[in-house]
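> Below are the sequence and a predicted model for it; my questions follow.
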Amino acid sequence: GQKAPGAKPPAARSATPKIAAPRQQAAAPESSAEPSEERMAAPRAKPERAVNRTGREPGMVAIFLNVGRKDLVTPADIVGKIAGVTRLPANVVGAIDIHQRHSLADVAESEADFILKKMPGIRLKGVALEVARATEAQRAE
């Protein structure tokens, strides 16, 4: 009977440093406002880099999806939905660009037609998907 109460305090002791560490980390950003300003500026630069992500890898073709950041879509959502619906391995999906109202995803050229056939109408984050091969104009956005 004495072993059970003895087991709980070591767990509490090991949890205490874990709780203390975030407090120390939380104090650091408050001491200097500059890193938060840099973080605010960093997202502005990301869309410029994101434009070039898809359509570059050999053997891959970019597809257009009508869901984007406004739908709170993540790359994992896109990969998971494509892999789940088509029963293909997740590695058929390559680079993904998520824009405000749409996304571009690289998929294996050998599987692109199959993916384009299976995905329309499937719901992702409550939106019925419209899928098409990405045009140069869409990649430039």
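All right, it came through fine.
> is it true that residue 96 lies in a strand?
Yes - per DSSP: H, G, I helix; E, B strand; the rest coil, residue 96 lies within a strand segment.
> That one pairs with what?
residue 105 (DSSP bridges).
> ok, it touching residue 55?
No - Residue 96 is beyond contact range of residue 55, at 11.5 Å (criterion: C-beta atoms under 8 Å). C-beta coordinates here come from the backbone N, C-alpha and C atoms, glycine included.
> Residues that sit against both of the two, list them.
Common contact partners of residue 96 and residue 55 (C-beta atoms under 8 Å, 6 or more residues apart in numbering): 104, 106.
> just the strands in the chain please.
Along the chain, counting by DSSP state E, strands occupy 60-65, 93-98, 103-108, 123-124, 127-128, 131-133.
> buried ones in stretch 114-124?
115, 116, 118, 119, 124 (16 or more other C-beta atoms under 10 Å).
> Which two of these have the greatest separation?
116 and 124 (15.0 Å; C-beta to C-beta).
> For residue 96 and residue 55, work out which one has more neighbours and name it.
Between residue 96 and residue 55, counted using other C-beta atoms under 10 Å, residue 96 has the larger neighbour count: 23 against 18.
> residues in contact with the more buried one?
Contacts of residue 96 by C-beta under 8 Å, 6+ apart are 53, 54, 75, 78, 79, 103, 104, 105, 106.
> quick one: the helices in the protein?
3-31, 34-51, 75-86, 112-118, 136-140 (DSSP state H).
> low-confidence ranges in the protein?
1-52, 141 (pLDDT under 70).
> rerun at 90
Scanning the chain for pLDDT under 90 picks out 1-58, 134-141.
> Skipping its backbone neighbours, what lies nearest residue 130 in space?
Counting by C-beta to C-beta, 6 or more residues apart in numbering, residue 66 is the residue found nearest to residue 130 once chain neighbours are left out, at 4.2 Å.
> show me the contacts for the residue nearest to residue 135 when sequence neighbours are not counted.
Of all residues not flanking residue 135 in the chain, residue 64 sits nearest, at 7.6 Å (C-beta to C-beta, 6+ apart). Counting by C-beta under 8 Å, 6+ apart, residue 64 makes contact with 102, 103, 104, 131, 132, 133, 134, 135, 138.
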